[in-house]
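Trainee: Predicted model and sequence below, questions to follow.
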Protein chains: 2
Amino acid sequence: MKRSGRLSVALHLLLHMAERPDDPIVSERLAEWADTNPVVIRRTFAGLREAGIVASTKGHGGGWRLARAPADISLGDIQAALNERLLTHALIEDTPGCLVERAVNAALDEAMREAERLLHERLSRLSLADLAKDVAVLWAADPRAKGEHPHEP
Amino acid sequence: MKRSGRLSVALHLLLHMAERPDDPIVSERLAEWADTNPVVIRRTFAGLREAGIVASTKGHGGGWRLARAPADISLGDIQAALNERLLTHALIEDTPGCLVERAVNAALDEAMREAERLLHERLSRLSLADLAKDVAVLWAADPRAKGEHPHEP
DNA sequence: TTTTCATGTAATTCTATTTGTTACATGATG
DNA sequence: CATCATGTAACAAATAGAATTACATGAAAA
């Protein structure tokens, strides 16, 4: 597989950041957790910073932390901040002269937009705090699984 | 742009094939219309043939034609036959040990599946005949536009 | 103030996916 | 049997995304 995608990676890391709101985490550590490169983290998180979801500080003791409470950060916010394309939007070209192409584009575009709208609404109804609760439920159901966590001390 | 995508290309060509159900169209001509290569057409249409949407014949007078009436071919059928991925399905990995990753995957997967289901239902409610009707409406609204069609004799 | 640590970002390389191309086999028609 | 068309495999090219390198900026500690 490997179908990571920025949204899932960001969610994973943000949830870990939410576990310890007080100490910032450096890009290098986040990169280890996500099995990627620190620069990729900075690039990805740049959008989150602009959206006011995370804040970064330089120098000693610096790193990344959440800028708002987990309950105030929806998955929709995160998705929008990353502007990752979740749907393909398979249109033919900008302004086709062919009437058939125009009709195809119109139909597909409308269907895609509707699906996109649904997806965004659904993601907007979930917050980081909700997901953290899901994690707690999983943990209660299978306490041993916490040990399987590959990146805890 | 150039965001073609197999679905939009296939729809475009199928609609043109629906205009003249009686004479098969060769891959080379379809390729010209879609501004691509004949082999790409054959590859794309192979899925449609397996799904019983189109039929191909070899030799003189051969080519591609619709295998069913346009009213019996839904956009959902076509999309399924092409198995083009319209949504990104951004999951982390197959079976993550980390509970956080599992919770993220569960939430995203459910949202994605719902959007996918909606999209497929919506596409399944539209047939090629419906789109052909849309084309007719466009033509009535702007009769000159038929002349802009780049691939008519 | 100088060193160290961390982010910010541009530029480049790597890699995986998709698309396009070539070549040739198979089958149907005249 | 010559021609036309699909069917496919194999390969090349283009693309997009990710990873890497390099260096600048700023903050804390020494």
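Mentor: Right, received. Where do you want to start? On a predicted model such as this, the values are computed, not experimentally measured, just so you know.
Trainee: Report the buried residues of the lengthiest helix in chain A.
Mentor: Ordering each helix of chain A by length in residues (DSSP state H) puts helix A:99-124 first. Buried positions in helix A:99-124, judged by neighbour count with 16 or more other C-beta atoms under 10 Å in any protein chain shown: A:99-105, A:107-108, A:111-112, A:115-116, A:118-120, A:122-123. Just so you know, the C-beta spots here come from the backbone N, C-alpha and C atoms, and that holds for glycine as well.
Trainee: A:Glu19 - how many residues pack around it?
Mentor: 11 (other C-beta atoms under 10 Å in any protein chain shown).
Trainee: Find the nearest non-adjacent residue to it, please.
Mentor: Of all residues not flanking A:Glu19 in the chain, A:Ala132 sits nearest, at 7.9 Å (C-beta to C-beta, 6 or more residues apart in numbering or on different chains).
Trainee: Please spell out which residues along the helix or strand containing the one you found are buried.
Mentor: Element membership for A:Ala132 (DSSP states H and E) is helix A:128-141. The neighbour-count check on helix A:128-141 (16+ other C-beta under 10 Å) flags A:Leu128, A:Ala129, A:Leu131, A:Ala132, A:Asp134, A:Val135, A:Leu138, A:Trp139 as buried.
Trainee: next one: stretch A:25-35
Mentor: Those would be A:Ile25, A:Ser27, A:Arg29, A:Leu30, A:Ala31, A:Trp33, A:Ala34, for stretch A:25-35 by 16+ other C-beta under 10 Å.
Trainee: so the helix or strand bottoming out on mean pLDDT in chain A versus helix B:128-141, what angle?
Mentor: The helix or strand of chain A with the poorest confidence is helix A:99-124; it has a mean of 92 (mean pLDDT, DSSP states H and E). Here the directions of helix A:99-124 and helix B:128-141 differ by 120 degrees (axes from the mean of the first three to the mean of the last three C-alpha atoms, to 10 degrees).
Trainee: And the residue nearest to A:Thr57 when sequence neighbours are not counted, how close does it get to A:Met17?
Mentor: Spatial nearest neighbour of A:Thr57, excluding adjacent residues (C-beta to C-beta, 6+ apart): A:Pro24 at 6.1 Å. Computed as C-beta to C-beta, to the nearest Å, the A:Pro24 to A:Met17 distance reads 9 Å.
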